[in-house]
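> sequence and predicted structure below; questions after.
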Amino acid sequence: MTDWTSGYVAGVGYTYGYYAELNPMRAELALLNSQLALPKYGTACELGFGQGMSTNIHAAASNTRWYGTDFNPAQAGFAQQLAESFPNGPQLYDQSFAEFCNRTDLPDFDYIGLHGIWSWISDENRAIIVDFVRRKLKVGGVMYISYNTQPGWAAMVPLRNLMAQHADIMATRGAGVVAKVDGALAFVQKLWATNPAYAKMQPLLAERLKHIGSQDRNYLAHEYFNRDWEPMSFAQMAGWLETAKLDFGCSATYADHVQALHMTAEQRALVDELPDPVFRESVRDFMVNAQFRRDYWIKGARKISNVERTERLRAHRVVMCAPRAGVTLTIKGALGDSTLNESLYKPLLDLMSDFKIRNLGEIERALVATGININQVAQAAMLLTEKSALVAAQDDATIAACRPRTDLLNQAVRDLARGNGNVNYLASPVSGVGVVVPRFPQMFISAMAEGMATPEQLARYAWNVLQLQGSKIILEGVTLDSEELNLKELLSQANEFLNDRLPVLRALGIL
């Protein structure tokens, strides 16, 4: 019998995650910051879409036509169900990379994205993907790819291989995937308790093992227990993508664009003097002990003039996407926590706290008394986006066109929330991205759609749903047994929703 899984874990479903970097619009500010030309987006593709949350949200919340595949039929079925909830949904398939990438009915793409795939597939599948990108990505098009990288994973590789070996050899015959994961973790903890020499040489692994032990088992199965698992250096990645005529564009992680967060002045000086871009990125990865990279690659990267860059930066629109009171002036980098410049960030946050859309040029003019320039405003926008305080905003015509589709998709997701809390994202027509909205706030939105408005009404609505399911709230590991305690907790969450979350959701077009 042919193994359709190709060694990839298929016994348990992947998480219902959402990844903003897969949104082509997010690439705009990063590419402009790197003085690179922007592509036009009309068609996009996601390879290995998991449960399809990102693909569906980006299809509903933009005018880009999306395609994609995921070999797992259960995951593809869920994604297709969501895609059918709104007009012109993405074209999603349950084909292998070999089958999908050789389809003759696919358009050429402006954007191709892979998140959490490259490190967990075989070289054969990597070659198929590279050939697909070579043939189907348009000139000037962007590829987003994320992957586990060296040197940050170097110490973990032997331990991961040992865990996978235990799951393959030592697990009880017929044991499920989760049981195999639990058994492997238990064995490694037992091994570490004997204080082996490897543990002495790699003292930081103890903390990593502790963290791994606390993570969701379905996630761990996909992260560590596939047959293929290869953290790859940046130079290796560049070698693979060279045959597809791709140039490295820039990091998709906005905070990476501010090197002072990650490297000392001496380290930056060494990296900056290196003329070769591949070697420069490789050295930087050693400086920060990189474990995971999120990068944009371009078929024919082209520099733009300072004039064009400045004009485009000033036209870039943003909106606040978090309550002002919850936004701190600290940000984490490889060097630890850094404090943002209060004289710039405080007036900028105060300005944007009315939740109105503004372009960076308007922000620059509004804050002219502080003496800031457009480059500082752009950097602040990137770091505040990284902190989930700001988000890019689409033009008004696109927002209006997307709103009916996102309303339908969000309704379908909220219907799912009545039965479980697996899906915690709704689509914003304003930003074109997914927004974290947990299960109970989703229920509160549904209650408001039925005309309810007070916190008591919202809490009662959610409690009625829980009663239909025979469920109760678990708070800090303790089940709330009585109706009174459940309603009290729901009332507290409803008040927080109305006071803090509701203005944000309205600004993002979700309500």
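Nice, I can see it. Since the structure is predicted, the reported quantities are computational estimates derived from the model, not experimental observations. Numbering: from 1, shown residues only.
> how close does Ser353 sit to Glu386?
In this view, Ser353 and Glu386 are 18 Å apart by Cβ to Cβ, to the nearest Å. For glycine as for every other residue, the C-beta is placed from the backbone atoms N, C-alpha and C.
> domain assignment for this protein?
20-151+231-298, 156-224, 315-392, 396-507 (automatic domain parsing).
> wait, which of these is closest to Ile304?
domain 20-151+231-298 (5.1 Å; Cβ to Cβ).
> pull up the distance across that closest one, start to finish.
Counting by Cα to Cα, to the nearest Å, you get 18 Å between the two ends of domain 20-151+231-298.
> buried set for stretch 268-284?
Neighbour-count burial for stretch 268-284 flags 271, 278, 280-282, 284 (criterion: 16 or more other Cβ atoms under 10 Å).
> ok so, going back, just say which of the domains of the chain is most tucked in.
Most buried of the domains of the chain, by mean neighbour count (mean count of other Cβ atoms under 10 Å): domain 20-151+231-298, with a mean of 20.
> quick one: the strands in the stretch 301-450 of the chain, in order.
Using DSSP state E, counting those that start in this stretch, the strands of the stretch 301-450 of the chain run over 317-320, 330-333, 336-339, 358-359, 390-392, 425-427, 434-436.
> then the stretch 151-300 of the chain?
247-251, 292-298.
> would a markdown table of those with distance to Tyr224 and mean pLDDT be doable?
Output for the strands of the stretch 151-300 of the chain, formatted as a markdown table (distance: least, Cβ to Cβ, whole Å; pLDDT from 0 to 100):
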| stretch | distance to Tyr224 | mean pLDDT |
| --- | --- | --- |
| strand 247-251 | 25 | 97 |
| strand 292-298 | 14 | 97 |
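> next, format the ones you listed as TSV and append distance to Ala381.
Putting those into TSV (distance: least, Cβ to Cβ, whole Å) gives the following:
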stretch	distance to Ala381
strand 247-251	15
strand 292-298	17
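> tell me which of these sits nearest to Asn125.
That would be strand 292-298 among the strands of the stretch 151-300 of the chain, by Cβ to Cβ, at 17.8 Å.
> that closest one: partners in the sheet, and parallel or antiparallel?
Note on strand 292-298: by DSSP bridges, its sheet partners are strand 137-148 (antiparallel), strand 247-251 (antiparallel).
> adding distance to Val423, write those out as a markdown table.
A markdown table is the format used below for the strands paired with strand 292-298 (distance: least, Cβ to Cβ, whole Å):
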| stretch | distance to Val423 |
| --- | --- |
| strand 137-148 | 21 |
| strand 247-251 | 28 |
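> which one of those lies nearest to Asp415?
For Asp415, the closest of the strands paired with strand 292-298 is strand 137-148, at 30.3 Å, according to Cβ to Cβ.
> for that closest one, give me every contacting residue.
19, 21-22, 24, 27, 31, 37, 39, 108-116, 118-119, 133, 230-232, 237, 241, 244, 246, 249, 252, 291-300, 302 (Cβ atoms under 8 Å, 6 or more residues apart in numbering).
> repeat that for stretch 117-130.
Residues contacting stretch 117-130 (Cβ under 8 Å, 6+ apart): 6-8, 47-48, 97-98, 101, 114, 145-148, 222, 226-232, 237, 240-241, 243-244.
> pull up the distance across it, start to finish.
Note: stretch 117-130 ends 13 Å apart using Cα to Cα.
> repeat that for stretch 245-255.
Distance across stretch 245-255, first residue to last, is 27 Å (Cα to Cα).
> which other residues reach that stretch?
Taking Cβ under 8 Å, 6+ apart as the rule, stretch 245-255 contacts 21, 26-27, 29-31, 33-34, 36, 133-134, 137, 142-144, 146, 238, 257, 261-262, 277-278, 281, 293-301, 331-333, 382-383, 385-386.
> hmm, 6 Å instead?
Here stretch 245-255 makes contact (Cβ atoms under 6 Å, 6 or more residues apart in numbering) with 21, 30, 34, 36, 144, 261, 277, 294-299, 301, 382, 385-386.
> from the contact counts, what lies against the lowest-mean-pLDDT helix or strand in the chain?
Using mean pLDDT, DSSP states H and E, helix 217-224 stands out as the lowest-scoring helix or strand of the chain, at a mean of 78. If you count contacts as 3 or more Cβ pairs under 6 Å, 6 or more residues apart in numbering; DSSP states H and E, helix 217-224 packs onto helix 177-193.
> 7 Å - rerun?
Packing partners of helix 217-224 (3 or more Cβ pairs under 7 Å, 6 or more residues apart in numbering; DSSP states H and E): helix 156-169, helix 177-193.
> show me what contacts Gly361?
Gly361 makes contact with 314-315 under the criterion Cβ atoms under 7 Å, 6 or more residues apart in numbering.
> find the centremost residue of the protein, please.
Tyr19 (2.2 Å; Cα atoms, centre = their mean).
> residue contacts, it?
Tyr19 sits next to 54, 115 when contact means Cβ under 7 Å, 6+ apart.
> now with 10 Å?
Contacts here follow Cβ atoms under 10 Å, 6 or more residues apart in numbering; on that basis Tyr19 touches 26, 46, 50, 53-54, 57-58, 113, 115-116, 144, 146, 252, 294, 433-434.
> got it, and Glu386?
253-258, 261, 331-332.
> quick one: pLDDT of it?
On pLDDT, Glu386 comes in at 96.
> and it, how close does it get to Thr253?
7 Å.
> same question for Leu409.
27 Å.
> same thing with Tyr111?
18 Å.
> of all the strands of the stretch 151-300 of the chain, which lies closest to Ala494?
strand 292-298 (35.9 Å).
> so how far is the closest one off the chain centroid?
13 Å (Cα atoms, centre = their mean, to the nearest Å).
> give me the helices and strands touching the biggest helix by length in the chain, please.
Longest helix in the chain by number of residues (criterion: DSSP state H): helix 396-417. With contacts taken as 3 or more Cβ pairs under 10 Å, 6 or more residues apart in numbering; DSSP states H and E, helix 396-417 sits against helix 53-60, helix 73-83, strand 425-427, helix 439-449.
> now the angle between helix 73-83 and that helix, please.
Helix 396-417 and helix 73-83 are oriented at 130 degrees to each other (axes from the mean of the first three to the mean of the last three Cα atoms, to 10 degrees).
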